[in-house]
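Asks: next input, structure requested:
(2 chains)
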There are 2 protein chains.
Amino acid sequence: MLGRLYAGEVCSAARTLEIVGERWSLLIVRNAMFSGTTRFTDFQRSLGVAPNILAKRLADFVDAGIFELRPADDGTFAEYVLTDKGRELQPVIVALTEWGDRWAAPDGPPVTYLHEGCGGRIRLRTECKACGETPAPTAVKARLGARFRKLRQGDGVVIGRQPSRR
Amino acid sequence: MLGRLYAGEVCSAARTLEIVGERWSLLIVRNAMFSGTTRFTDFQRSLGVAPNILAKRLADFVDAGIFELRPADDGTFAEYVLTDKGRELQPVIVALTEWGDRWAAPDGPPVTYLHEGCGGRIRLRTECKACGETPAPTAVKARLGARFRKLRQGDGVVIGRQPSRR
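Replies: Residues are numbered from 1 along each chain as shown, chains lettered A, B, ... in the order given. Next up, the predicted model:
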């Protein structure tokens, strides 16, 4: 984990990146989510990541409650299994995939995500809860939550670091 | 940029992370997107990032076509302005925010995203294009694209590294 790299940030995206923003982290989650990988050796082989880095990432993930460590049925090895908290990272992985499909996949999308129920394609939709529209990126604005507003009064910056007291 | 850190990956999420997965990268995009930041000194001040790291990130982003460099009207400084490619990273930032709001925001969401048109809350919805349902994370499966299927025949792994030839 990046720990408190982004200390002072009043922003949930920064908090998330502190937990999953290290190299390899989201690819480990991806392999658990979409390839059903659970064993250290399988993560290692499928990612080609150095074992010491993988061990650190998995230990951090267990500490953070993103994976839980379970003994396999026969007790000969341990399995790393995604928790609900881990599984809810799915939209992050799908959003990264959709952007890459559009901007970094000259040969077409390498992987598509499908709905197991009906076989349809999965997509992420940015949606307004009130009117149901999908706004253009420029029509989405950030507003600081009520509890946090007093921290920033008058500094004109909506998102980011908590200003130091003057 | 992480460059070809994840070389051999047949996965758009890995490609995206090679472009935006470095420390600070997505927070720089976020500040441009939601605080309208355009000047080097404003990014530096609002993020508290070391100037040499910020300079590298912005130069990489200009190379990658995520920001473009424009002279300000009076010609006295340069502005970093998000391109369409950069603005389309919005769902990545919103997905990271939603996860952090749920799992890493004990005092409630620090920031909410609103639709400028009607003032409604913005959310990301995972949606099946065929049936319109929002599937549970466990009901979303990955399928390798047609062009890539022959690379992996029989190795049982849907997503991840291209296997080396044996």
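Asks: what lies in contact with stretch A:75-86?
Replies: Contacts with stretch A:75-86, where a contact means CB atoms under 8 Å, 6 or more residues apart in numbering or on different chains, come from A:29, A:32-33, A:38-40, A:43, A:58, A:61-62, A:64-72, B:103. (Glycine included, C-beta is placed from N, CA and C.)
Asks: in strands only, show me the residues you listed.
Replies: Counting by DSSP state E, those place A:67, A:68, A:69, A:70, A:71 in strands.
Asks: let me see the contact set for the first one.
Replies: What that stands for is residue A:67. Contact analysis of residue A:67 by CB under 8 Å, 6+ apart lists A:32, A:58, A:61, A:80, A:81, A:82, A:83, A:86.
Asks: in its sheet, what does the helix or strand hosting the fifth one sit against?
Replies: So the one you mean is residue A:81. Assigning secondary structure by DSSP states H and E places residue A:81 in strand A:78-82. Here strand A:78-82 is paired, per DSSP bridges, with strand A:67-71 (antiparallel).
Asks: and the strand it pairs with, what's buried?
Replies: Along strand A:67-71, these residues count as buried under the neighbour rule (16 or more other CB atoms under 10 Å in any protein chain shown): residue A:67.
Asks: ok, back up a step: just the buried ones from the contacts of residue A:67?
Replies: Using 16+ other CB under 10 Å as the burial test, the contacts of residue A:67 include A:32, A:58, A:61, A:80, A:82, A:86 as buried.
Asks: if we can go back for a sec, now the strand holding residue A:81: how far from the chain's centre is it?
Replies: Relative to its parent chain, strand A:78-82 has a centroid offset of 18 Å by CA atoms, centre = their mean, to the nearest Å.
Asks: so how far is the biggest strand by length in chain A from its chain's centroid?
Replies: When chain A is parsed with DSSP E, its longest strand is strand A:122-128. How far strand A:122-128 lies from its chain's middle: 16 Å, per CA atoms, centre = their mean.
Asks: parallel or antiparallel, list what pairs with that strand.
Replies: Sheet pairing of strand A:122-128 (DSSP bridges) gives strand B:122-128 (antiparallel).
Asks: what distance do you get for residue A:86 to residue A:143?
Replies: Remark: distance between residue A:86 and residue A:143 (CB to CB, to the nearest Å) = 29 Å.
Asks: and residue A:61, by the same measure?
Replies: Using CB to CB, one gets 32 Å for the distance from residue A:61 to residue A:143.
Asks: pLDDT weak spots in chain A?
Replies: Along chain A, the parts satisfying pLDDT under 70 run over A:150-159, A:162-166.
Asks: for it, which segments are assigned as helices?
Replies: All helices of chain A, identified by DSSP state H, fall at A:12-20, A:25-35, A:40-47, A:51-64, A:84-87, A:90-103, A:146-152.
Asks: which of those helices sits most buried?
Replies: The highest mean neighbour count among those, using mean count of other CB atoms under 10 Å in any protein chain shown, belongs to helix A:12-20: a mean of 25.
Asks: hmm, it in reach of chain B?
Replies: Yes: using CB under 8 Å from any CB of the partner chain, helix A:12-20 reaches chain B at A:12, A:13, A:14, A:15, A:16, A:17, A:18, A:19.
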